[in-house]
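1. no sequence on this one, just coordinates:
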Ligand SMILES: O=C(O)c1ccccc1NCC(=O)[C@H](O)[C@H](O)COP(=O)(O)O
């Protein structure tokens, strides 16, 4: 699946037209996740559809969702901007950024410095870099370009081997362990438990995918995660606020509306 997505991304790159830049106040994903509102930081994802589940939320209003996440005490927002496989769009990120006071992670398949410049111009504070797409040297090159442009990166791994290979070259400040097997689409929180001890102490450890219940949150918290990235279960909840309440078992924070 990842190979197919990257092939599509390369075709899209040929058509990419950079938007004019916008002036935004940058928010640090690292800082917000380092001082979370609850026991683990929540990156709440704006996700209409996906390759594994098809359309997840028919009645999809990205700005309303982003504002509800902000009002419900999320620590950051992830916005799918891939059009083909997730029915996202870069305009969703810009529109949400203008309405919330949280760091925005651009969730897309970044393979080129051009997309990093595009991410800056649409108002992203951070981008996802997927280790499994590149040689580590290329990953580090894109990581450096992003930070030079004022963005932060969440470096995502899907296996022990990928994580060890990245750490043999550099130490990302934010490391995501994706619990989803990109071949079968199955999710298992054992992935987080398996890789936890390999995460450097100075890096933030984010558990991504397949987190649906308070027990799931507790499990990855006990495994040592500093934060979670959650999409589907929040998108399927009656409201984003209810979805967040379910994940945290009623644990509230001061700025919840
Ligand atoms: O979600 C998918 O089906 C998917 C398939 C192939 C590549 C990436 C995919 N998802 C991107 C993500 O990492 C998730 O959107 C994110 O971690 C949230 O996962 P979830 O809470 O399980 O929706």
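-> The structure has been received and is ready for your questions. This is a predicted model, so every value here is computed, not measured.

2. Tell me who's in contact with the nearest residue to residue 248 once chain neighbours are set aside.
-> Once flanking residues are discounted, residue 248 sits nearest to residue 38: 5.4 Å by Cβ to Cβ, 6 or more residues apart in numbering. Any C-beta I mention is one placed from the backbone N, CA and C, and that applies to glycine too. Contact analysis of residue 38 by Cβ atoms under 8 Å, 6 or more residues apart in numbering lists 73, 248, 251, 253.

3. helix/strand/coil for the spatially closest residue to the third one that is not a sequence neighbour?
-> Closest residue to residue 251 in three dimensions, ignoring its sequence neighbours and counting by Cβ to Cβ, 6+ apart: residue 38, at 5.3 Å. Under DSSP: H, G, I helix; E, B strand; the rest coil, residue 38 falls in the coil class.

4. Next one: the residue nearest to residue 248 relative to residue 230, how far apart?
-> Here the criterion is Cβ to Cβ, to the nearest Å. By it, residue 38 lies 12 Å from residue 230.

5. Any stretches of this protein with poor pLDDT?
-> Scanning the chain for pLDDT under 70 picks out 254-257.

6. Do a quick rundown of the helices in it.
-> For the chain, the helices defined by DSSP state H cover 2-15, 29-34, 62-71, 90-97, 113-122, 136-148, 160-167, 190-195, 214-222, 232-236, 240-248.

7. Kindly present those helices as JSON lines, with separate columns for distance to residue 53 and mean neighbour count.
-> Formatted as JSON lines, these follow (distance: least, Cβ to Cβ, whole Å; neighbours: other Cβ atoms under 10 Å):
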{"stretch": "helix 2-15", "distance to residue 53": "15", "mean neighbour count": "13"}
{"stretch": "helix 29-34", "distance to residue 53": "25", "mean neighbour count": "20"}
{"stretch": "helix 62-71", "distance to residue 53": "17", "mean neighbour count": "20"}
{"stretch": "helix 90-97", "distance to residue 53": "18", "mean neighbour count": "21"}
{"stretch": "helix 113-122", "distance to residue 53": "25", "mean neighbour count": "20"}
{"stretch": "helix 136-148", "distance to residue 53": "28", "mean neighbour count": "16"}
{"stretch": "helix 160-167", "distance to residue 53": "24", "mean neighbour count": "16"}
{"stretch": "helix 190-195", "distance to residue 53": "19", "mean neighbour count": "20"}
{"stretch": "helix 214-222", "distance to residue 53": "17", "mean neighbour count": "17"}
{"stretch": "helix 232-236", "distance to residue 53": "6", "mean neighbour count": "20"}
{"stretch": "helix 240-248", "distance to residue 53": "15", "mean neighbour count": "20"}
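
8. Kind regards, and thank you for your time.
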